[in-house]
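In: curious how this folds, go ahead:
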Amino acid sequence: MSQKVALIVTWLLLGLMVGNGLWVAWDAHRRGKPLGEVIAWGLFSIAFFGIGLALYLIWGRHLPPDASKRGK
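Out: Residues are numbered from 1 along each chain as shown. Predicted structure coming up:
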C-alpha cells in the first residue's frame, strides 16, 4: 500500500471516528442526558469506534433522561 493511500485511509477513519462521536454526543444531548454523560458517551464512542456506538445504541439510548429535567 502506498504512503498516499495509507494517509487517505487514516484520515478517513479518523473522520469517521470523530463523526461517530459527534453523532452519539448530539443524540445523547437531544435525549436530555446531563452534559457530563453527553461528553462521556461522545468520547467513549470516539475512543472505541464501533464498540462505543454499538454500546450506546443498545444500552445508552434506553437510559432515562436526567431526573432534574423531569419536572420541567
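In: go through this protein and flag its longest helix.
Out: The single longest helix within the chain, with elements called by DSSP state H, is helix 3-30.
In: neighbours of Asp27, how many?
Out: The tally of other residues near Asp27 (other CB atoms under 10 Å) stands at 18. In short, each C-beta sits where N, CA and C put it, glycine included.
In: skipping its backbone neighbours, what lies nearest it in space?
Out: Once flanking residues are discounted, Asp27 sits nearest to Arg61: 7.3 Å by CB to CB, 6 or more residues apart in numbering.
In: how near is the one you found to Gly15?
Out: Arg61 sits 23 Å away from Gly15, going by CB to CB, to the nearest Å.
In: settle it for me: which of these two has more neighbours?
Out: Neighbour tally, Arg61 and Gly15, criterion other CB under 10 Å: the higher count belongs to Arg61, 13 against 10.
In: I'd assumed Arg31 was in contact with the more buried one.
Out: Yes: using CB atoms under 8 Å, Arg61 is in contact with Arg31, at 6.8 Å.
In: neighbours around Thr10, how many?
Out: Look at Thr10: counted by other CB under 10 Å, it has 10 neighbours.
In: what residues are up against it?
Out: Listed by CB atoms under 8 Å, 6 or more residues apart in numbering, Thr10 has no contact partners.
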